[in-house]
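S.K.: For reference, the sequence and a predicted model appear below.
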Amino acid sequence: MTRFILTAEEMRAAEAAAISAGTPGYTLMERAGAGAAEAIWRFAGPMPALVLCGPGNNGGDGYVIARLLRERGLEVTVAALTKPKSDDARTARGAWDGPVVELADASPAPLLIDALFGTGLARGLDGSAHELLGRLAAAARVRVAVDLPSGIATDDGTVLSPVPDYELTVTFGALKPSHLLQPAARHIGRIVVVDIGVDAASRLIEVERPRLRRPGPDDHKYTRGLVTIIAGAMPGASMLAAMAAARAGAGAVRLQAESVVLGVPAAIVQNGKGPLDRLDDPRIGALLAGCGLPADKGGRKLLDAALATGRPLVLDAGALQLLAEDGLERLAEQPHRPILTPHDGEFAKLFGESEGSKVERARAAAASSNAVVVHKGPDTVIAHPDGRVAICSDMSNWLASGGTGDVLAGIIAAMRAAGLPSFEAAQAGTWLHGRAAQLAGTAFIADDLVAQVRHAFSECV
């Protein structure tokens with residue numbers, strides 16, 4: 001099921017549309033509070049709770065949560081930053097008949113529920129408020145954020161003031177960008193999205209587990225997809241990519257290097273006739289260039305040959321460096337939409353430094369290059385030139401090691417060769433990469449990651 005991601009402005013518009021269509025604002029608040037109370041009860045169980053309520057509708061949600069948890073038999077205290085300022089929040093406060101203390105006078109409880117500020121926060125908490133929040137959070141056993149942790153901007157992952165780590169965040173209607181973008185995402189914990197009856201459609205989505213086609217009785221290796229990999233000066237990089245492509249379901253993989261690369265599985269075709277051999281094969285479903293490719297005259301010759309084939313392209317590492325030097329205009333001539341896989345440094349060289357969130361920068365980069373851009377990182381952002389964007393945040397920090405990017409490029413090439421469009425291939429490859437990292441555990445190297453790709457793939461067919 002697709003999980004949409006709404007900005008603060010989009011969420012306000014969705015709520016306003018629901019209200020205009022006849023759903024009272026307080027009904028939306030009751031739905032949000034009921035869904036959050038249910039999620040908190042299931043996650044934390046019965047324990048004394050302290051609910052921190054701010055002046056806006058997020059605080060109103062907090063009063064509803066407090067009331068419903070109390071009805072379940074929990075000992076609940078509300079700590080209010082100030083009096084409610086919105087009509088719906090005042091209604092919610094009026095329905096709460098339990099104890100209310102000022103935030104400064106609050107005593108810690110095992111369960112802390114932060115409903116101070118949610119969507120739309122533009123500045124950080126003042127010194128006393130974030131210090132009080134930090135003290136109460138440090139003393140709690142379970143910390144829950146309502147919509148977003150207080151102190152986090154909604155749209156770009158910015159942490160506006162010091163934020164505790166939460167075990168659970170309950171949000172409403174849809175995910176928000178900062179649930180998935182760093183550095184905010186590291187504080188979020190598990191995420192639950194509560195349906196409150198608003199239209200949450202968006203051009204920004206979360207990457208989900210792909211549904212991949214299982215081979216049928218009429219398939220053969222070329223219908224499953226032929227991946228050709230042009231090896232550079234560092235054969236280990238292209239070897240990792242080739243093994244990853246094979247483990248990700250490609251029917252055939254050709255590794256084309258200056259000479260036979262030792263240690264490559266026998267199932268991967270090598271003919272030792274050089275990296276430019278058989279690039280005119282019409283059966284090539286995806287051509288991967290850049291892994292270990294030197295940014296020199298020889299590397300440019302290989303990239304030129306790759307661009308001249310007219311085949312679906314995945315461009316990584318050295319190919320990106322050369323494109324940064326030569327310009328991205330050449331990609332506009334491609335008959336198939338290329339996939340670019342830059343990390344932060346490569347992205348800056350390709351597209352320059354710019355303002356805005358990672359989503360906005362990736363969207364602009366895709367539009368300017370006419371390519372699908374996979375801006376890698378712990379919050380990988382995948383952008384299409386038409387404005388569609390997908391975020392994958394479920395990425396292991398152990399991926400910060402040499403060769404793991406080559407593995408990703410190989411997986412994406414396999415997805416593209418199997419017939420997925422560029423945007424969908426990039427999403428599927430990124431999900432498989434992240435899942436393989438989860439299966440690999442801790443302190444793995446790229447070779448270990450390759451070994452888990454097959455198991456990740458098996459979950460999708």
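M.R.: Nice, thanks for sending it over. As the structure is a computational prediction, the values presented were derived from the model and not from experiment. Numbers count the residues shown, from 1 in each chain.

S.K.: Domain map for the protein?
M.R.: 8-206, 221-458 (automatic domain parsing).

S.K.: Quick one, which of those domains gets closest to Arg213.
M.R.: domain 221-458 (7.1 Å; Cβ to Cβ). Quick note: C-beta positions are derived from backbone N, CA and C, even for glycine.

S.K.: per-residue confidence averaged over that closest one?
M.R.: The average pLDDT within domain 221-458 is 95.

S.K.: Look at it and report the distance between its end residues.
M.R.: 18 Å (Cα to Cα, to the nearest Å).

S.K.: do stretch 325-334 as well
M.R.: For stretch 325-334, the first-to-last residue distance is 18 Å (Cα to Cα).

S.K.: Mind putting the domains of the chain into JSON lines with distance to Arg213?
M.R.: Formatted as JSON lines, the domains of the chain follow (distance: least, Cβ to Cβ, whole Å):
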{"stretch": "domain 8-206", "distance to Arg213": "21"}
{"stretch": "domain 221-458", "distance to Arg213": "7"}
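
S.K.: The ones you listed: which one's closest to Leu212?
M.R.: Per Cβ to Cβ, nearest to Leu212 of those: domain 221-458, 6.8 Å.

S.K.: Can you give the distance from that closest one to the centre of its chain?
M.R.: Counting by Cα atoms, centre = their mean, to the nearest Å, domain 221-458 is centred 18 Å from the centre of its parent chain.

S.K.: Nearest spatial neighbour of the residue located most distally from the centre of the chain, chain-adjacent residues omitted?
M.R.: In the chain, counting by Cα atoms, centre = their mean, Asp97 sits farthest out from the average C-alpha position, at 41.0 Å. In space, and not counting its chain neighbours, Asp97 is closest to Arg67: 8.0 Å by Cβ to Cβ, 6 or more residues apart in numbering.

S.K.: mind listing what that neighbour touches?
M.R.: Arg67 sits next to 33, 92, 95-98 when contact means Cβ atoms under 8 Å, 6 or more residues apart in numbering.

S.K.: ditto for Met29
M.R.: Residues near Met29 by Cβ under 8 Å, 6+ apart: 57, 60-61, 64, 88-89, 91-92.

S.K.: Okay, and the beta partners of the residue positioned nearest the centre of the chain?
M.R.: Residue closest to the average C-alpha location in the chain (Cα atoms, centre = their mean): Cys392, at 2.0 Å. When bridges are called by DSSP bridges, Cys392 pairs up with Thr380.

S.K.: Just the element for the residue nearest to Asp97, please.
M.R.: Assigned by DSSP states H and E, Arg67 falls within helix 57-71.

S.K.: ok, now Leu255?
M.R.: strand 252-256.

S.K.: For that strand, which outside residues touch it?
M.R.: Strand 252-256 is contacted from outside by 221-222, 224-231, 238-239, 242, 245-246, 261, 264, 267-271, 273-279, using Cβ under 8 Å, 6+ apart.

S.K.: among these, which ones are buried?
M.R.: Neighbour-count burial (16 or more other Cβ atoms under 10 Å) applied to those gives 224-231, 238-239, 242, 245-246, 261, 264, 268, 270, 275, 279.

S.K.: Look at Gly98 and say how many residues are nearby.
M.R.: By other Cβ atoms under 10 Å, 14 other residues sit near Gly98.

S.K.: Please apply the same query to Gly151.
M.R.: Neighbours around Gly151, by other Cβ under 10 Å: 26.

S.K.: ok, now which ones touch it?
M.R.: 117, 121, 124-125, 130, 133, 159-163 are the contacts of Gly151 under Cβ under 8 Å, 6+ apart.

S.K.: do that again at 7 Å, thanks
M.R.: 124-125, 130, 159-163 (Cβ atoms under 7 Å, 6 or more residues apart in numbering).

S.K.: Of those, which count as buried by neighbour count?
M.R.: By neighbour count, with 16+ other Cβ under 10 Å, these hold 124-125, 130, 159-161, 163 as buried.

S.K.: And those residues, which is closest to Asp326?
M.R.: Using Cβ to Cβ, these come closest to Asp326 at Val159, 37.8 Å.

S.K.: Surely that closest one and Gln182 touch.
M.R.: No: contact between Val159 and Gln182 fails when scored by Cβ atoms under 7 Å: they sit 9.5 Å apart.

S.K.: Where does Val373 fall, secondary structure wise?
M.R.: Assigned by DSSP H and E, Val373 belongs to strand 372-375.

S.K.: contact partners of that strand?
M.R.: Residues outside strand 372-375 that contact it (Cβ under 7 Å, 6+ apart) are 337, 339-342, 347, 358, 362, 365-366, 380-384, 422-423, 426, 430.

S.K.: Okay, and which of those map to helices?
M.R.: If you go by DSSP state H, the contacts of strand 372-375 have 347, 358, 362, 365-366, 422-423, 426, 430 in helices.
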